[in-house]
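1. I'd like to go over a predicted model; first the sequence, then the structure.
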Amino acid sequence: MSNPVARYGGQIIGDDDIRAVTEVLRSDWLTQGPMVSRFESAMAEYLGARYAVAVSSATAGLHLAALAARFCPGDEVITSPISFVASANCVAYAGARPVFADIELDTLCIDPEQVRARASAATKGVIVVHFAGHPCDMASISEFARERRLVVIEDAAHAVGSRYGVGGDSFRVGACAHSDMAVFSFHPVKQMTTGEGGLVTTDSAELFDRLSLLRSHGVTRAPAQMRRDGGPWYYEQHALGYNYRLTDFQCALGLSQLAKLDGFIDRRREIVAAYNAAFAGSDELITPCQRAGTEVSWHLYVLGFRTLDRRRVYESLRDRGLGVNMHYIPIHLQPYYRDTYGCAEGDLPRAEAYYNRSLTIPLHPALSDEDVARVVECVQATIAELGA
């Protein structure tokens with residue numbers, strides 16, 4: 001990529017973030033200290049959930065959520081094909097079978113009617129993906145889950161700060177008003193960052209206890225949970241857990257970033273509005289959908305192309321210095337899922353059609369108005385050149 005104009009995503013780290021991290025680095029606690037619970041409490045309050053468990057990544061959070069839901073061999077769990085592979089891998093980690101339901105062509109989120117169509121007697125859960133930050137139809141998903149007594153997990157890696165409406169009320173993604181657990185990512189390209197890192201929210205005390213136990217080797221030191229009094233040094237392992245802890249200095253960065261999150265999201269929305277206005281008159285471009293009653297925090301800005309060859313568009317934009325990307329190759333088309341579960345091309349026509357005609361263009365709060373104008377200019381010049 002020559003003469004770079006803009007990368008597709010990135011973080012903003014300020015002096016306040018650096019001070020927060022270095023303060024912890026000079027303290028007695030680098031990990032398993034007080035900053036973790038402070039970050040969890042602050043995130044739970046922001047999201048509107050009763051409990052939050054900080055973890056080393058969103059992938060770790062999805063794995064723990066699948067285990068806390070007690071998915072096991074013989075179970076099926078329905079999820080979206082348009083996501084990073086972790087959304088389905090977590091089901092396989094638990095020994096269950098991932099089953100893919102097709103997407104809505106406007107929101108690019110999982111279609112509740114397709115979830116119903118793909119359900120079987122073996123279905124034990126649904127993992128929805130709030131793609132690009134747009135909330136899924138949680139009312140419909142929740143209604144179906146209650147009918148079938150299914151566990152609902154929100155893959156909210158794209159959606160911190162998003163909201164959706166149900167029956168005149170507004171809910172934050174992650175409040176778990178219509179789900180059992182929600183999982184967030186704080187990777188640097190997301191709306192806020194802890195470096196690597198993630199979070200699981202829930203309103204269930206039972207799920208919170210299990211998530212907390214599994215996060216740290218399945219080991220507890222809580223006297224109330226012990227099977228015997230073994231002394232002040234004593235601990236017990238109650239489950240086969242993992243080391244999925246988040247450090248104190250990462251949580252310090254997270255707390256500092258959380259204080260600026262709404263500002264980051266406001267800037268993302270400004271950029272989305274500028275893109276939408278610039279591309280509104282194009283017969284070639286398909287701009288992102290935002291349904292009434294939603295507030296989208298916009299992790300990604302995905303452009304669709306009606307007639308142009310996507311690869312030629314990609315190569316032209318990269319040549320112009322634009323950090324374009326693709327989100328995502330449908331998971332069911334990955335060799336592992338073809339070979340292991342018999343998935344095949346043609347299984348999910350909407351997801352495949354979306355993949356064949358879409359690209360992600362730069363969207364992050366560090367983009368200046370001049371950067372945004374240059375991105376628009378590059379896209380428009382490419383469309384004019386390739387459409388001639």
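-> Received it, and whenever you're ready, just let me know what you need. Numbering: from 1, shown residues only.
2. C-alpha only now, for contacts and for neighbours.
-> OK.
3. Ends of stretch 24-35, what's the gap?
-> 8 Å (Cα to Cα, to the nearest Å).
4. Oops, could you answer that again for stretch 200-208 instead?
-> End-to-end distance of stretch 200-208 (Cα to Cα): 9 Å.
5. tell me the domain boundaries of this protein?
-> By the assignment in automatic domain parsing, the chain contains the domains 15-258, 261-387.
6. Only alpha carbons, please: show stretch 119-135 as PDB.
-> Provided in PDB are the C-alpha atoms of stretch 119-135 (Å, rounded to 0.1, in the frame of the first residue of the first chain):
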ATOM      1  CA  ALA A 119     -33.200 -25.200  15.400                       C
ATOM      2  CA  SER A 120     -33.500 -28.800  16.200                       C
ATOM      3  CA  ALA A 121     -34.200 -31.000  19.300                       C
ATOM      4  CA  ALA A 122     -30.400 -30.800  20.000                       C
ATOM      5  CA  THR A 123     -30.300 -27.000  20.000                       C
ATOM      6  CA  LYS A 124     -29.200 -25.700  23.400                       C
ATOM      7  CA  GLY A 125     -28.200 -22.100  22.700                       C
ATOM      8  CA  VAL A 126     -27.900 -19.100  20.400                       C
ATOM      9  CA  ILE A 127     -24.900 -16.900  20.000                       C
ATOM     10  CA  VAL A 128     -25.900 -13.700  18.300                       C
ATOM     11  CA  VAL A 129     -23.300 -11.300  16.800                       C
ATOM     12  CA  HIS A 130     -24.000  -7.500  16.900                       C
ATOM     13  CA  PHE A 131     -22.200  -7.000  13.600                       C
ATOM     14  CA  ALA A 132     -20.300  -3.700  13.200                       C
ATOM     15  CA  GLY A 133     -22.100  -2.500  16.300                       C
ATOM     16  CA  HIS A 134     -25.700  -2.800  15.000                       C
ATOM     17  CA  PRO A 135     -27.800  -4.600  17.600                       C
END
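7. before we move on, what SS does E206 have?
-> For E206, the assignment made with DSSP: H, G, I helix; E, B strand; the rest coil gives helix.
8. What's the separation between it and L261?
-> Computed as Cα to Cα, the E206 to L261 distance reads 30 Å.
9. The two: who's more crowded?
-> For E206 versus L261, the count of surrounding residues by other Cα atoms under 10 Å is larger for L261: 19 against 10.
10. Look up the closest residue to the more buried one, ignoring the ones flanking it.
-> Leaving out its chain neighbours, the residue that sits closest to L261 by Cα to Cα, 6 or more residues apart in numbering is M192, at 6.2 Å.
11. distance of the one you found from E295?
-> From M192 to E295 the distance is 17 Å (Cα to Cα).
12. Looking at these two now, which is surrounded by more residues?
-> M192 (29 against 22).
13. wait, what's in contact with the more buried one?
-> Shown in contact with M192 (Cα atoms under 8 Å, 6 or more residues apart in numbering): Q11, F186, G254, Q257, L258, L261, F264.
14. Among the residues you listed, which one has the most neighbours?
-> Neighbour counts for the contacts of M192 (other Cα under 10 Å) peak at G254, which has 29 neighbours.
15. Check which helix or strand that one maps to.
-> helix 248-258 (DSSP states H and E).
16. Got the confidence number for the residue most central in space within the chain?
-> Centroid-nearest residue in the chain: A157, 1.5 Å away (criterion: Cα atoms, centre = their mean). On pLDDT, A157 comes in at 98.
17. same deal with A388?
-> Predicted confidence (pLDDT) for A388: 61.
18. so what strands line up beside the strand or helix carrying V152?
-> Using DSSP H and E, V152 maps to strand 151-155. Sheet pairing of strand 151-155 (DSSP bridges) gives strand 123-129 (parallel), strand 181-185 (parallel).
19. Give me the residues contacting the helix or strand where E23 lies.
-> Using DSSP H and E, the element containing E23 is helix 15-25. Residues from elsewhere that reach helix 15-25 (Cα under 8 Å, 6+ apart): L30, D248, F249, Q250, A252, L253, S256, Q257.
20. rewinding a little: so the residue nearest to the centre of the chain makes contact with A58?
-> Yes. Judged on Cα atoms under 8 Å, A157 makes contact with A58 at a distance of 6.7 Å.
21. any shared contact partners between these two?
-> By Cα under 8 Å, 6+ apart, A157 and A58 have these common neighbours: V183, F184, S185, F186.
22. what sits against the third one?
-> Going back to what we said before, that points to S185. Contacts here follow Cα under 8 Å, 6+ apart; on that basis S185 touches S57, A58, A156, A157, H158, T193, E196, G197, G198, L199.
23. Show the backbone phi and psi for F305.
-> phi -120, psi 130 (degrees, to the nearest 10).
24. I figured it hits S358, correct?
-> Yes. Between F305 and S358 there is a contact under Cα under 8 Å: 6.2 Å.
25. Pick out whichever of those two has more residues nearby.
-> Taking neighbours as other Cα under 10 Å, F305 and S358 compare with S358 leading, 24 against 19.
26. which one is that one nearest to, not counting chain neighbours?
-> That would be G304: by Cα to Cα, 6+ apart, it lies 4.3 Å from S358.
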